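In: When you get a sec, could you give me coordinates for this:
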Amino acid sequence: MNRSDIAIVIPAYNEAESIVRVIEEVKPFGQVIVTNDCSTDDTENVAEAAGAIVVSHAQNKGYDGALSSGMEKAHELGCKLVVTFDADGQHTVERLQVFLDKLDSGVDLVLGVRPETARLAEWIFAQHARLLWGIRDPLCGMKGYNMNLWVYNHGFDHCQSIGSELAIQSIRRGAVFEQVEIPIMDREHGSPRFGRLLKANWKIFTAMLRVTKLRK
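Out: Take a look at the predicted model:
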């Protein structure tokens, strides 16, 4: 598949210190789309200078809003495959080709699986998702999609699912999916997007309830 048919979507909030390296690493694989979610640092400018297509929010829309805007841009550009990739440098580019090869071979959806979850609520969500849909790590930020899934779902997210709705709904509808174990590197700059422990766990738990209640 041509590079122009592939989008690497990177949601970014105050990631100026790490985003350039991430863009440079993923750029050979496809068109790089960075959603600048109303960052207060220089994320927008450094991402553009590094060669990314930048979609900027005038107001912060959160993780799902950033991914939604990136997916919309990928659709606008006519991309057929999309891989979401974190801006903080914790994902390694070595697995990216594996994701793309599986998508190009006809798999609808490729899900990353981290070595461990970071929070208690993530572990609960993972156990819940494994039991109901066979998904081992629903909140991993590295996922690969055939864009037909996005079209059929009428968008990426409708319930603030922390990046899990499109994958879960697609599997519930019978999408062919595979799961790939990915290493996670230590974050070199900044702090996690979801903030403090109690608030983050509550946000994850409520996202699990919302996405579970969706009709397919």
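In: where does residue 83 fall, phi/psi-wise?
Out: Taking degrees, to the nearest 10, you get phi -120, psi 130 for the backbone angles of residue 83.
In: One more: the one 3 residues further on?
Out: Reported as degrees, to the nearest 10, the phi and psi values for residue 86 are phi -70, psi 150.
In: Give me the neighbour count for it.
Out: For residue 86, the count of nearby residues is 21 (other Cβ atoms under 10 Å). For glycine as for every other residue, the C-beta is placed from the backbone atoms N, C-alpha and C.
In: same question, the one 3 residues further on
Out: Residue 89 sits with 19 neighbouring residues when counted by other Cβ under 10 Å.
In: That one should be in a strand, yeah?
Out: No: remark: residue 89 does not belong to a strand; assigned using DSSP: H, G, I helix; E, B strand; the rest coil, it is coil.
In: can you tell me how far the nearest residue to it once chain neighbours are set aside sits from residue 105?
Out: Here the nearest residue to residue 89 in space, its sequence neighbours aside, is residue 18; by Cβ to Cβ, 6 or more residues apart in numbering that works out to 4.4 Å. Residue 18 sits 31 Å away from residue 105, going by Cβ to Cβ, to the nearest Å.
In: Run a quick neighbour tally on residue 7.
Out: 28.
In: three-state assignment of it?
Out: Assignment for residue 7 (three-state DSSP): strand.
In: how many other residues sit next to residue 105?
Out: Number of residues near residue 105 (other Cβ under 10 Å) recorded here: 8.
In: same thing with the one 5 residues further on?
Out: Using other Cβ under 10 Å as the criterion, residue 110 is surrounded by 24 other residues.
In: Could you measure from residue 40 over to residue 182?
Out: Taking Cβ to Cβ, one finds residue 40 at 29 Å from residue 182.
In: and if you look at residue 151?
Out: Following Cβ to Cβ, the distance that separates residue 151 from residue 182 is 26 Å.
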